[in-house]
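[1] here is a sequence with its predicted model. Questions after.
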Amino acid sequence: MNFNFSSLHLNFRPITLSDKQLYVGLYTNPKVMQFIAKPLSDDYAEKLFEAQLKPWNISSKHFLNLVISEKESGQAIGVCGLITRNHLSKQAEVGMVFLPVFHGKGYGTEALTRLSQFAFEELGYNKLWGPPFLENKASIRIMEKSGYIREATLRQNQFLNGKYHDTPLYTLLKEECTYLD
Ligand SMILES: CC(C)(COP(=O)(O)OP(=O)(O)OC[C@H]1O[C@@H](n2cnc3c(N)ncnc32)[C@H](O)[C@@H]1OP(=O)(O)O)[C@@H](O)C(=O)NCCC(=O)NCCS
């Protein structure tokens, strides 16, 4: 399976051993992790990174991790990916993390739109979803701009900063996705 594709400003490719510094830098960064979890320690992030390098297919229990780079500069800006949550009904959870210097440039929306298209058209999923933290306005906004709708509230779904938080569940169905070829 070919996991290399592109959008207007971005290239997507599978994560490799040479991306360790990017991956560890993202998951140990307090700003990036603000609405996800406590920033990881360097040691833990390095261990987690190694687990991301395993070959992936739709039956895998781990994330498909794709490195996103800016076409113009060639610079890696972050990692996006998805994980199968229900194989039978073809559902996956999507996610992405960008280096703070690249936030707010429209790349999150562009990446989520392209990743969703790839997931429906090339990977055969029928439903995609994400449970962003309620205060993660950027994450909620890119889901809305990519056509995801708020389907439900997951009660006490995330444990962060010492307490449980409800999170909205944003979903997109293949049949309602307006940007498929
Ligand atoms: C979430 C993330 C991927 C978004 O990427 P991005 O490139 O910044 O997103 P975009 O520039 O395409 O869009 C961001 C939108 O959120 C809006 N936004 C950002 N911060 C906001 C805030 N505090 N309040 C209201 N809106 C906000 C922007 O105005 C923009 O919307 P607009 O185009 O309508 O003006 C990026 O911020 C990130 O990596 N965050 C840290 C990791 C993370 O939380 N990942 C998601 C986990 S669920």
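    Happy to help now that I have it. Numbers count the residues shown, from 1 in each chain.
[2] so what's S139 closest to, chain neighbours aside?
    Of all residues not flanking S139 in the chain, P132 sits nearest, at 3.9 Å (CB to CB, 6 or more residues apart in numbering). For the C-beta atoms, the positions are set from N, CA and C on the backbone; glycine is no exception.
[3] from the ligand, how far out is that neighbour?
    4 Å (CB to the nearest ligand atom, to the nearest Å).
[4] go on, E70?
    11 Å.
[5] could you pull out the strands in the protein for me?
    Using DSSP state E, the strands found in the chain span residues 5-6, 10-14, 64-70, 76-86, 91-98, 127-130, 149-160, 163-173.
[6] what does the protein have sitting close to the ligand?
    32, 35-36, 95-98, 103-109, 130, 132, 136-139, 141-142 (CB under 6 Å from any ligand atom).
[7] would you list the buried entries among the residues you listed?
    Neighbour counting with 16 or more other CB atoms under 10 Å marks 32, 35-36, 95-98, 107-109, 130, 132, 136, 139, 142 as buried within the residues of the chain next to the ligand.
[8] and which of the residues you listed is nearest to the ligand?
    The ligand has its nearest neighbour among those in G108, at 2.2 Å by CB to the nearest ligand atom.
[9] who's in contact with the closest residue to the closest one other than its chain neighbours?
    The shortest distance from G108 to any non-neighbouring residue, by CB to CB, 6+ apart, is to I142 (4.2 Å). Taking CB atoms under 8 Å, 6 or more residues apart in numbering, we find I142 in contact with G108, T109, L112.
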